[in-house]
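Asks: A predicted structure for the sequence below; I have some questions about it.
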Amino acid sequence: MNKGLAAVILAAGKGTRMKSALPKVLHPICGQPMLYYPLEAARMAGFKQLKVVVGHRSEQVIEAFPDEDLTWIKQTEQLGTGHALMCAADSLRGYSGSLLLHCGDVPLLKPETLQQLQSYHSQQQAAVTVLTAQMPNPHGYGRIIRDGEQILEIIEEKDASEEQRQVTEINAGTYLFDSDFVLSALKGLNKNNSQGEYYLTDIVAAAVAAGKKTRALCVEDPTEVMGINDRCQLAEAEVLMRWKINADLMFGGVSMIDPTTVYIDSGVEIGADTTLHPNVQLRGKTSIGKNCIVETGVVVVDSQVADRSHLKAGSAIEESRIGPDCKVGPMAHLRPGTVLSGNNKIGNFVETKKIQMGEKAQASHLTYLGDAEIGRNVNFGCGTITCNYDGVNKHKTIVEDDVFVGSDCQLVAPVKIGRNSLLAAGSTITKDVPPDSLALSRTEQKVIDGWRLRKQKKS
Ligand code: UD1
Ligand code: CA
């Protein structure tokens, strides 16, 4: 079996300290479940066979990651990190070489660090290489007991003596193992410790006893190995991750007037020379082109915005595609299925849903357009409404190229307006309109001379 390097990712724990019905590794960080990050880091570091150990609410975790390169391993009882790796032993039968073990609750670890760990491990020809960090406050972590380069053992906080607790070098919970060694040494683990668990960390002392080399790689930035156990740490990780996302985008040519207030999900793409004003949220599978302006209060979810478009203050955009050179907002609401071809203007208090708009078509104020196919150069006057819903079914409105819709028109769907026609202001359009015509539907205006004066005299 040689399908590339293997990694085991532990994600079976309940996450008791989260006090949540949701499994810990599914809590989101910048729009992705926590477990997404360790998986991605392992992949990017070149680990091709990914085996994920799940236990608590495993079905829910598995469902969240339909990726084909994952092998799921069930640990029905959580008897400790050593036991978790024992559960994966069967799926590693026949595998030899370096084996990565990483935890699902350590989301900030960079792929480069895993690569460094892997190359240091092979260069040293160690049986175990532990990733460590110097923590100013090491509380809660396992402590690294060294004799020079050789790591003698890892002592869990709960089992440590007063003197051992003074050690500030901690176990990050990420290791490279010689897989043959670790799989045989696992059989020797026991539960003789304060938590009554099979500790994976005991592998280090086992390696020393077997006369093997044990090494540690200490990360420079201890925040990278931060484990998430409660919601305060989750929020802390979110802040760090968010800053990293924003910094990467800024280095890529995006301007942010106040990056501390900009919330961008992992994976969102933004082109160079686009400027984000304060308080912007770009979520899900979203991309923004080059030279765009995104003003304050704009929320974009699962949408694509092309170059040079301008999203004005307070607009909300969901599952929509905005072509180049469009102007949207302020206070516009683009609901799912909105497609603007380019050079469109969607002004204030305009709501759209499931519409396609040809180039240069515009709706500048106070309008609802739903379930409509709109041609090029169409102009909707203020207060246009597509009456698309009869209480039971949705119906379609078709408006062909170059139509001019006067203010305050209602288009009662299904209805089709032929190209280059004009709908007079205030009309309720219930029948199709042929091309090049005028459609007008109003009751004729009555004027009663002197009516006001007569009223006033009476009173
Ligand atoms: C573990 C390490 C500790 C290290 C710390 C780093 C041990 C004994 N201790 O402690 O030295 O400093 O991580 O964050 O390994 N898990 C399972 N099955 C189990 C138990 C745990 O899959 O039976 C998973 C958890 O879901 C989690 C990871 O293993 O993703 C670590 O478990 P956790 O209980 O958080 O270990 P710590 O006490 O943090
Ligand atoms: Ca932990």
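Replies: Everything's here; your move. Ligands and ions are numbered 1, 2, ... in the order given.
Asks: Could you check which helix or strand contains the residue in the stretch 251-400 of the chain that ligand 1 sits nearest to?
Replies: For the stretch 251-400 of the chain and ligand 1, the shortest gap (CB to the nearest ligand atom) falls at S266, measuring 19.5 Å. All C-beta spots, glycine's among them, are computed from the backbone N, C-alpha and C. Using DSSP states H and E, S266 falls within no helix or strand.
Asks: which parts of the stretch 1-150 of the chain sit against ligand 1?
Replies: 10-13, 53, 75, 78-81, 83-84, 103-105, 141-142 (CB under 6 Å from any ligand atom).
Asks: Return a PyMOL selection command for the buried portion of these.
Replies: Command for PyMOL that selects the buried part of these, burial taken from 16 or more other CB atoms under 10 Å:
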select buried, resi 10+11+12+13+53+75+78+79+80+81+83+84+103+104+105+141+142
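Asks: Mind checking which of the residues of the stretch 1-150 of the chain next to ligand 1 land in helices?
Replies: Of these, the ones assigned to helices by DSSP state H are 81, 83-84.
Asks: now, among those residues, which is nearest to L22?
Replies: Nearest to L22 out of those is A84 (CB to CB; 20.0 Å).
Asks: what's around D221, how many residues?
Replies: By other CB atoms under 10 Å, 12 other residues sit near D221.
Asks: Kindly apply the preceding question to V25 instead.
Replies: V25: 32 surrounding residues under other CB under 10 Å.
Asks: And the contacts of stretch 336-347?
Replies: Contacts to stretch 336-347, defined as CB atoms under 8 Å, 6 or more residues apart in numbering, come from residues 306, 317-329, 332, 334, 352-365, 376.
Asks: Convert that stretch to CSV, retaining C-alpha atoms only.
Replies: In CSV, the C-alpha atoms belonging to stretch 336-347 read as follows (Å, rounded to 0.1, in the frame of the first residue of the first chain):
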residue,chain,number,x,y,z
PRO,A,336,-31.2,34.0,-4.1
GLY,A,337,-31.2,33.6,-7.9
THR,A,338,-30.5,37.2,-8.8
VAL,A,339,-28.3,37.5,-11.8
LEU,A,340,-27.2,41.0,-13.0
SER,A,341,-25.4,40.8,-16.4
GLY,A,342,-23.4,44.0,-16.1
ASN,A,343,-23.7,47.7,-15.9
ASN,A,344,-26.9,47.4,-13.9
LYS,A,345,-28.1,49.7,-11.3
ILE,A,346,-30.2,48.4,-8.4
GLY,A,347,-31.0,51.4,-6.2
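Asks: Contact partners for V106?
Replies: So V106 contacts 38, 172-174, 225-228 (CB under 8 Å, 6+ apart).
Asks: quick one: which of these is most hemmed in?
Replies: Within those, neighbour counts (other CB under 10 Å) peak at A172, which reaches 28 neighbours.
Asks: how near is the closest residue to ligand 1 within the stretch 51-200 of the chain to Y175?
Replies: Closest approach between the stretch 51-200 of the chain and ligand 1, counting by CB to the nearest ligand atom: G142, at 2.2 Å. Distance, G142 to Y175, using CB to CB, to the nearest Å: 11 Å.
Asks: what's around the closest residue to T174 other than its chain neighbours, how many residues?
Replies: Nearest in space to T174, with sequence neighbours left out and distances taken as CB to CB, 6 or more residues apart in numbering, is L131 at 4.1 Å. Here the number of neighbours of L131 (other CB under 10 Å) works out to 28.
Asks: cool, I448 as well?
Replies: Neighbour tally, I448, other CB under 10 Å: 7.
Asks: The one 5 residues further on too?
Replies: With neighbours defined by other CB under 10 Å, the count for L453 comes to 9.
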